[in-house]
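Engineer: have a look at this prediction, sequence included:
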Amino acid sequence: MAKRPKPVHQLTAAQFEEMFPHEEACKAYLVARRWPEGVRCPRCGNPKLYDASLYKSFHWQCRNCAPDGYRFSVIAGTIFENTNKPLRDWFKVTHLMLTSKKGMSALQIFRYMGFGSYKTAWYMCHRIRVALTEGDMQKLGGIVEVDETYIGGKDKNRHWDKKSGSGGRGDTGKRRLLVPSNGRGM
Ligand SMILES: [Zn+2]
């Protein structure tokens, strides 16, 4: 098994460009991050899958879940599902949100990415932020890891920040998942 590639937020901009020249590369990366021990059914965890990639790339079938087989793709069960945005855009937005010092607002993302609509940018940022806030790295396909960078740590090292929302108390537990400060739209 190949070595697990670095999580998205640890990549430099140059590494990002090099690693993700196209969708295929993004999908291969997602497989490696999501299932480092080999692909498993997102519903039941079954590792004994029928590889359907001959018919459709990055697709598998689990016969454990449905009599005629539950078919799923590499993005099944992640926030990247049910959108018409390529994985590369999702990765890029995630990368931007986590590597910019103060986080990035949906408006900034919208401008930077050149999306056709602000709504798209807002939606993507929202889904990413929710998954991060909930600490649900599976939903992010494992492309992000919770590490020191955003759980507590020294203030100056923080890439993420979130006002506690309680408006006042100086607060704050150290081991707390921090999310980008650009709460716009949440
Ligand atoms: Zn299954």
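Structural biologist: That came in fine, so what should we check first?
Engineer: and the longest helix along the chain, what other elements does it pack with?
Structural biologist: For the chain, the helix with the greatest residue count under DSSP state H is helix 118-133. With contacts taken as 3 or more C-beta pairs under 8 Å, 6 or more residues apart in numbering; DSSP states H and E, helix 118-133 sits against helix 87-99, helix 106-113. Using the backbone N, CA and C atoms, a C-beta is placed for each residue, glycine as well.
Engineer: got the residues of this structure near the ion?
Structural biologist: Contact residues (C-beta under 5 Å from the ion) of the chain with the ion: 41, 43-44, 46, 62, 64-65.
Engineer: reformat those residues as TSV; add pLDDT, secondary structure and neighbour count.
Structural biologist: Listed next are the residues of the chain next to the ion as TSV, based on pLDDT from 0 to 100; DSSP: H, G, I helix; E, B strand; the rest coil; neighbours: other C-beta atoms under 10 Å:
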residue	pLDDT	secondary structure	neighbour count
Cys41	96	coil	20
Arg43	94	coil	14
Cys44	95	coil	11
Asn46	96	coil	16
Cys62	97	strand	22
Asn64	94	coil	15
Cys65	93	coil	16
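Engineer: ok so, going back, ok, and for the longest helix of the chain, which residues are buried?
Structural biologist: Buried residues in helix 118-133, counted by 16 or more other C-beta atoms under 10 Å: 120-125, 127-129, 131-132.
Engineer: pLDDT score for the residue lying closest to Pro7 once chain neighbours are set aside?
Structural biologist: Spatial nearest neighbour of Pro7, excluding adjacent residues (C-beta to C-beta, 6 or more residues apart in numbering): Glu145 at 4.5 Å. pLDDT, Glu145: 89.
Engineer: what sits against Glu145?
Structural biologist: Going by C-beta atoms under 8 Å, 6 or more residues apart in numbering, Glu145 touches 7, 9, 137.
Engineer: from those, pick the one nearest Ala32.
Structural biologist: Set against Ala32, the nearest of the contacts of Glu145 by C-beta to C-beta is Pro7 (11.0 Å).
Engineer: which stretches of this structure form strands?
Structural biologist: Assigned by DSSP state E, the chain shows strands spanning 50-51, 59-62, 70-73.
Engineer: restricting to C-alpha, output the last one in CSV.
Structural biologist: The reference is to strand 70-73. What follows is strand 70-73 as a C-alpha-only set of coordinates in CSV (Å, rounded to 0.1, in the frame of the first residue of the first chain):
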residue,chain,number,x,y,z
TYR,A,70,-25.0,-1.2,-3.3
ARG,A,71,-23.1,0.8,-5.7
PHE,A,72,-21.0,3.7,-4.5
SER,A,73,-18.4,6.1,-5.8
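Engineer: circling back to that earlier point, now the longest helix of the chain: average pLDDT?
Structural biologist: 95.
Engineer: for the chain, which residue occupies the most central location?
Structural biologist: Leu140 (3.2 Å; C-alpha atoms, centre = their mean).
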